[in-house]
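In: generate coordinates for the sequence data below:
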Amino acid sequence: DSIQKEDPISSQAHFMSTEEIEAGYHDSPGAIHMVAEIIERCQPALPVGSPHLPEVETPVGLNSSQLLRKKADQGAIQLYGEITPSIRQRLEHELQVIESLGYSSLFLIVEEILSFAREKGVPFSSRGSAASSLVAHCLGITSPDPLRLNLYFERFLNPARASLPDIDIDLCSRRRDEVIEFVYRKYGRERVAMVCTINRFRRRSALREAAKAHGLQQAEINRMVESLPHRWYGPADRDNPDDQPYEELANQFQSPLQQSIILAASALLGVPHHLSIHPGGIVISPDAITDLTPIQLATKGMLITQFDLESIEQLGLVKIDLLGIRGLTVLGDVVEAINAGYDSQPRSQLGSLDDIPEEDRDTSELVRAGKTIGCFQIESPGMRLTLKEIQASSLDGVMAALALYRPGPLTGGQKDNFIRRFQGRETTSYLHPSLAPLLEDTYGVILYQEQVLRIAHKLAGLSLADADLLRRAMSHFDPGKQMQTLKEKFIQGTFDLHGIPQTTSEQIWELMAAFAGYGFPKAHAASYARVAWRSAWCKVHHPAIFMAAVLANWGGYYSQSNYLTEARRMGLKLKPPHVNYAQHEFSVSYQQGKPVLFMGLDQIRDLSNRTQKRILRERPFRSFEDFLTRTDPRIQEAENLVKVEALEGMGTIPALLGRLSLGGWQGGQLSLFGAPDTGAEDFSIAEKARAQEEILGASVIAHKLELFTDQISESKALTTVEAVARIGQQVRVAGIRQFWRRSSTSKGEPIYFMSLEDLEGTLQVVIIAEVYRRCRSELRLAGPYVIEGSMEMDTRQIEPSLHAERIWALNTPD
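Out: Reported below is the predicted structural model:
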């Protein structure tokens, strides 16, 4: 009672030690004894070791396992026409494992969640190892066919492995909350919570909080934090003895107070700071969630667990990931626009994403040519190059590209081996003929994790459960007793089944071990490939609507300007926002039967939501005067609208600006409407382009390079496409800067990476410190730039880059 609510809490406040309590409350020994007794009695016993799942509603006479079996059979007939002996055998195996582990209700819960999403038209796609389950496929949870793709159920659910199953669902990011809200409503808010993540003190936040606790003024705190070298930004690595982020700082700030702050910051590194919401993890308890985990209220009124993911799994609460993915939002917008009649194609052509065919000649040609900017997961320069190199023209080709373009295959040489063999520049070879039927689809290269299981199962006779344990041990680089036992079984099994000598078996073992640490699950690649393929189909068959959706959702790998350039390359007509035609976001309007891609009103700088809503509500506008009186914009808003030609057809830009300068429309005054036209000549294309760059962030009237045609011609610069074909040669390329990233070499020297864009594509530029210092004044200009240097492949042979030797900016045209 000695501390009152209104008493200020000083920096000396702390939890009292036993000695301090006894000294401070020596006259109340009974109270101290009672507190100690209560503490001793607080021995919580958490129910760990078995899964905790809610029961689902089932028809009379059926339990969850029987209902799951019934739904799986119905789905199998719908997918395959009949249940053949091989399908029945696979279903029986999976259903027995699922029931024995107590996961029948999990499958039914996920099926129920996705049935809601399907009914409401929320785009979704399952990914991860769940695609290895035929039961999940028959329930409509996953799309890839595990039988056709030789996916093993044990990769997802292995009775010999203690870990809980992991089902990841990607959802349209805009509508994800609808699905989460359904889960809360269906199972009750007292039983549902999002999983938390523990945010820990990083180097900057630890320093800042330590300085605050020591009472430093904000300006001094900022000075200390900003003095921390850039390379020490990010999370701390407490296990690395070289991770000494404050060493240089301690030499700079040497007062006793500053040294105390630095010491305290070092102690805070890695300590939990606060809780936040996991990107998608949600758990459903059979009873009140508080029976199993403490909870707290987070943003949007959501409850989150106070146990993190690892602890939640130990408790046996099964996490379902409901993740928001922008790529699915784009596809959902395309479907919605087509079905709403915003396309020239018949409205009935595409009812849902599931109606997109898996085989389509035009889509194949687009993918094979690597023209996939804007397409989910396959739009980066390196990925587009990979698509072209392996001539990917199908779902399986996209799947292979996704698995190839990853750090492991790139650095380990598997990508190069695959491509050389695919292109016929290298003969496909195997360590033993018995590997041929197992690896022939990937030209003798182990590309997927499932191939490790397949080799262990088919070549050595290991059960699929043991084969999965082998894959898992290899992927975790676990050299323990289990690994040694499995290796002995593998070597003996290969000899017994195929007569493979021990030396050859050990070579195969090493090949598998080298791959398993970085391999990509085929199930995951198959799920992502389907979304990527659907993106490509939308791009080739509904280009205007697709690009509008990409831009409305703020793209992906590239900037808005890049996507506008891509739309221009596709032959689409681009227009700035117009008060009579544009929507809030990027949209398509058909004029004289041809699609026009309009920028959204939301792209106009300083245009308030209030004015946007009035424009959309009040239009069409017959004249400039009509627009002003009915929307009553602020003067800055009106000027910006005029400058970007949002009022095209109502007068020239100078004339409209001149009439605005007279004022008088606010409050219904009409005095300016009789003002004479100034007769001034309209803005030039260059002036309009500059105004659009300034107000919209990008020009749609002309690509910036089109304003520098003469200068580029005089510089004899190549296009980015021409430069890529000249590896090992000196080239000169003109373009605009899209990305800029600073990094460090192995010696700690700065190095810079730029993405240079022209009308034909993009090119990575590498700038070493010496060149940067010499050309820094030019790089500070707006560009475009002409860059001279040598075209080289990077050390991983992923994609070509221009190593700059000389850089200069072009002069702005009049």
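In: what residue is smack in the middle of this structure?
Out: For the chain, the residue sitting closest to the mean C-alpha position, by CA atoms, centre = their mean, is I325 at 6.7 Å.
In: which ones are touching it?
Out: I325 is in contact with S125, D170, L171, C172, S173, F376, V531, counting by CB atoms under 8 Å, 6 or more residues apart in numbering. To be clear about C-beta, it is placed using only N, CA and C from the backbone, and glycine gets the same treatment.
In: most surrounded residue in those?
Out: Most neighbours among the contacts of I325, by other CB atoms under 10 Å: L171, with 27 neighbours.
In: name the helices or strands packed onto the helix or strand in which it is found?
Out: Element membership of L171 [criterion: DSSP states H and E] is strand 167-172. Counting contacts by 3 or more CB pairs under 8 Å, 6 or more residues apart in numbering; DSSP states H and E, the secondary-structure elements packed against strand 167-172 are helix 104-120, strand 124-127, strand 319-325, helix 326-339.
In: what's the angle from the next helix-or-strand element following it to helix 326-339?
Out: Sequence order places helix 176-187 as the next helix or strand after strand 167-172, per DSSP H and E. Per axes from the mean of the first three to the mean of the last three CA atoms, to 10 degrees, the angle that helix 176-187 makes with helix 326-339 is 100 degrees.
In: what residues of helix 176-187 count as buried?
Out: Neighbour counts over helix 176-187 (16 or more other CB atoms under 10 Å) mark R176, V179, I180, F182, V183, Y184, K186, Y187 as buried.
In: please list the residues outside it that contact it.
Out: With CB under 8 Å, 6+ apart, helix 176-187 has contacts from 54, 112-113, 116-117, 120, 122, 124, 171, 192, 194, 282, 284, 300, 302, 322-324.
In: buried ones in the helix or strand that comes right after it?
Out: Next in sequence after helix 176-187, counting helices and strands by DSSP H and E, comes strand 192-200. Under the neighbour-count criterion of 16+ other CB under 10 Å, strand 192-200 has V192, A193, M194, V195, C196, T197, I198, R200 buried.
In: and strand 192-200, what does it pack against?
Out: Under the contact criterion of 3+ CB pairs under 8 Å, 6+ apart, strand 192-200 touches helix 176-187, strand 272-284, strand 303-308, helix 309-315.
In: on that earlier part again, quick check, nearest of the contacts of I325 to V644?
Out: Checking those against V644 by CB to CB gives S173 as the nearest, at 28.5 Å.
In: the longest helix along the chain: how far from the chain's middle?
Out: In the chain, with assignment by DSSP state H, the single longest helix is helix 522-541. Mean-position distance between helix 522-541 and its chain equals 15 Å (CA atoms, centre = their mean, to the nearest Å).
In: residue contacts, the residue lying closest to S463 once chain neighbours are set aside?
Out: Nearest non-adjacent residue to S463, counting by CB to CB, 6 or more residues apart in numbering: H457, 7.3 Å away. Going by CB under 8 Å, 6+ apart, H457 touches Y152, S463, L464, A467.
In: how many other residues sit next to the last one?
Out: Think A467. Counted with other CB under 10 Å, A467 comes out at 27.
In: send me the very next helix or strand once past the longest helix of the chain as CSV with only the CA atoms.
Out: Moving toward the C-terminus from helix 522-541, the next helix or strand (DSSP H and E) is helix 543-552. The C-alpha atoms that make up helix 543-552 are tabulated as CSV, following Å, rounded to 0.1, in the frame of the first residue of the first chain:
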residue,chain,number,x,y,z
PRO,A,543,-3.3,-8.4,-70.3
ALA,A,544,-4.9,-5.0,-69.5
ILE,A,545,-6.9,-6.3,-66.5
PHE,A,546,-4.0,-8.3,-65.3
MET,A,547,-1.5,-5.3,-65.4
ALA,A,548,-4.2,-3.1,-63.8
ALA,A,549,-4.5,-5.6,-60.9
VAL,A,550,-0.7,-5.9,-60.5
LEU,A,551,-0.4,-2.1,-60.4
ALA,A,552,-3.4,-1.6,-58.1
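In: roughly how far out does helix 543-552 sit from the chain middle?
Out: Centroid displacement of helix 543-552 relative to its chain, using CA atoms, centre = their mean, is 19 Å.
In: which elements pack onto that helix?
Out: Contact here means 3+ CB pairs under 8 Å, 6+ apart; on that basis helix 543-552 packs against helix 326-339, helix 522-541, helix 560-569, strand 587-591, strand 594-598.
In: one more time with 10 Å
Out: Counting contacts by 3 or more CB pairs under 10 Å, 6 or more residues apart in numbering; DSSP states H and E, helix 543-552 packs against helix 326-339, helix 522-541, helix 560-569, strand 573-575, strand 587-591, strand 594-598.
In: what's the last one in contact with?
Out: The contact list for strand 594-598, computed with CB atoms under 10 Å, 6 or more residues apart in numbering, reads 342-344, 542-545, 547-548, 551, 564, 567-568, 570, 572-578, 581-583, 585-590, 646, 700.
In: one more time with 6 Å, if that's ok
Out: Strand 594-598 has contacts (CB atoms under 6 Å, 6 or more residues apart in numbering) with A544, A548, A567, L572, K573, L574, K575, Y581, A582, S587, V588, S589.
In: dihedrals phi and psi, the residue lying closest to Q314 once chain neighbours are set aside?
Out: Sequence neighbours aside, V48 is the residue nearest to Q314 in space, at 5.3 Å (criterion: CB to CB, 6+ apart). Main-chain dihedrals, V48, degrees, to the nearest 10: phi -90, psi 160.
In: isn't V48 up against E313?
Out: No - in this structure V48 lies outside contact range of E313 using CB atoms under 6 Å: 9.7 Å.
In: give me the more crowded residue out of those two.
Out: The neighbour count for V48 versus E313, taken as other CB under 10 Å, is higher for E313 (20 against 12).
In: what's the spacing between the more buried one and G493?
Out: Going from E313 to G493 by CB to CB, to the nearest Å gives 32 Å.
In: ok, now H52?
Out: To G493, H52 is 38 Å away according to CB to CB.
In: ditto for V110
Out: Looking at V110 against G493, where the rule is CB to CB, the gap reads 36 Å.
In: so the two - more neighbours on which side?
Out: Comparing V110 with G493 by other CB under 10 Å, the one with more neighbours is V110, at 23 against 19.
In: circling back to that earlier point, got the contacts of H457 as JSON lines, with distance to F307 and secondary structure columns?
Out: Converted to JSON lines, those look like this (distance: CB to CB, whole Å; DSSP: H, G, I helix; E, B strand; the rest coil):
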{"residue": "Y152", "distance to F307": "32", "secondary structure": "coil"}
{"residue": "S463", "distance to F307": "34", "secondary structure": "coil"}
{"residue": "L464", "distance to F307": "33", "secondary structure": "helix"}
{"residue": "A467", "distance to F307": "33", "secondary structure": "helix"}
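In: check those for burial and list the buried ones.
Out: Buried members of the contacts of H457, counted by 16+ other CB under 10 Å: Y152, L464, A467.
In: so for the strand or helix carrying E687, what gets flagged as buried?
Out: Taking DSSP H and E as the criterion, E687 maps to helix 685-696. Across helix 685-696, burial judged by 16+ other CB under 10 Å covers A686, K688, A689, R690, A691, Q692, I695, L696.
In: likewise for stretch 64-78?
Out: Those would be S64, S65, L67, L68, R69, K71, A72, D73, G75, A76, for stretch 64-78 by 16+ other CB under 10 Å.
In: pLDDT value on A516, please?
Out: Per-residue pLDDT puts A516 at 69.
In: re the thing from before, closest one to H432 among the helices and strands packed on strand 192-200?
Out: H432 lies closest, by CB to CB, to one member of the helices and strands packed on strand 192-200: helix 309-315, at 39.4 Å.
In: and that closest one, how far out from the chain middle?
Out: On CA atoms, centre = their mean, the centre of helix 309-315 falls 25 Å from the chain's centre.
In: buried stuff in it?
Out: L309, S311, I312, E313, L315.
In: what's that helix in contact with?
Out: V48, L164, V195, L292.
In: could I get the residues you listed in CSV, plus columns for distance to E359 and pLDDT?
Out: CSV is the format used below for the contacts of helix 309-315 (distance: CB to CB, whole Å; pLDDT from 0 to 100):
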residue, distance to E359, pLDDT
V48, 49, 81
L164, 37, 82
V195, 40, 95
L292, 48, 92
